[in-house]
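Trainee: Mind looking at a prediction? Sequence and model below.
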Amino acid sequence: QVQLVESGGGLVQAGGSLKLSCTSSEIIFSLQTMTWYRQGPGKQRDLVATLTAGDNTNYATSVKGRFVISRDNAKNTMYLQIYDLQPEDTGVYYCNTQPVLRINGVNYWGPGTQVTVSS
């Protein structure tokens with residue numbers, strides 16, 4: 001069964017950094033456009049970063065300059081390096097394909113990884 005697994009979240013102070021990881025045993029990341037989403041408390045899930053198979057990146061305005069999306073093809077792992085974390089970065093971070101992975105007609109999301117930023 002297809003799975004996406006996020007990890008690397010945690011509790012950090014404002015100004016700190018985190019590196020999130022996304023793995024899958026079924027999806028070959030180098031062949032896909034991959035994404036990171038963030039869902040803050042009580043908010044909708046928003047796209048924050050995109051990485052194409054051709055290594056083009058795109059970022060939401062709110063995270064540009066602080067978030068870096070990357071991929072290690074040998075490890076089939078995708079990353080989201082977050083610098084200068086701010087309280088508004090708090091939320092659950094999810095990785096996915098673009099378009100969003102659908103299984104049996106339903107959008108699939110992994111468990112996500114929680115990032116909490118204290119001020």
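Mentor: Thanks, I have the structure now. None of these values were measured; they are calculated from a predicted model.
Trainee: In three-state terms, label the residue nearest the centre of the chain for me.
Mentor: In the chain, the centroid-proximal residue (CA atoms, centre = their mean) is W36; its distance is 2.9 Å. At W36, secondary structure determined by DSSP: H, G, I helix; E, B strand; the rest coil is strand.
Trainee: Okay, it and A60: tell me how far apart.
Mentor: Shown here: W36 relative to A60, a distance of 10 Å by CB to CB, to the nearest Å. Placement of C-beta: from N, CA and C, glycine included.
Trainee: what's the overlap in contacts for these two?
Mentor: Taking CB atoms under 8 Å, 6 or more residues apart in numbering as the criterion, W36 and A60 both touch L47, V48, A49.
Trainee: okay, the residues you listed in a markdown table with neighbour count next?
Mentor: Listed next are the shared contacts of W36 and A60 as a markdown table, based on neighbours: other CB atoms under 10 Å:
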| residue | neighbour count |
| --- | --- |
| L47 | 16 |
| V48 | 24 |
| A49 | 25 |
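Trainee: just to revisit the earlier point, my read: the residue nearest to the centre of the chain touches Y79, true?
Mentor: No: the pair W36 and Y79 does not pass the contact test of CB atoms under 8 Å, sitting 9.1 Å apart.
Trainee: Make sure D84 is actually in contact with V12.
Mentor: No: look at D84 against V12 with CB under 8 Å: they stay out of range, at 10.7 Å.
Trainee: more neighbours, those two?
Mentor: Legend: neighbour count by other CB atoms under 10 Å for D84 and V12, higher for V12 (17 against 12).
Trainee: Look at the more buried one and report its pLDDT.
Mentor: For V12, the pLDDT comes out at 98.
Trainee: V2 too?
Mentor: So V2 comes in at 83 (pLDDT).
Trainee: now the residue nearest to it when sequence neighbours are not counted: how far from K75?
Mentor: Computed as CB to CB, 6 or more residues apart in numbering, the closest residue to V2 that is not its neighbour in sequence is E26, at 4.5 Å. Computed as CB to CB, the E26 to K75 distance reads 15 Å.
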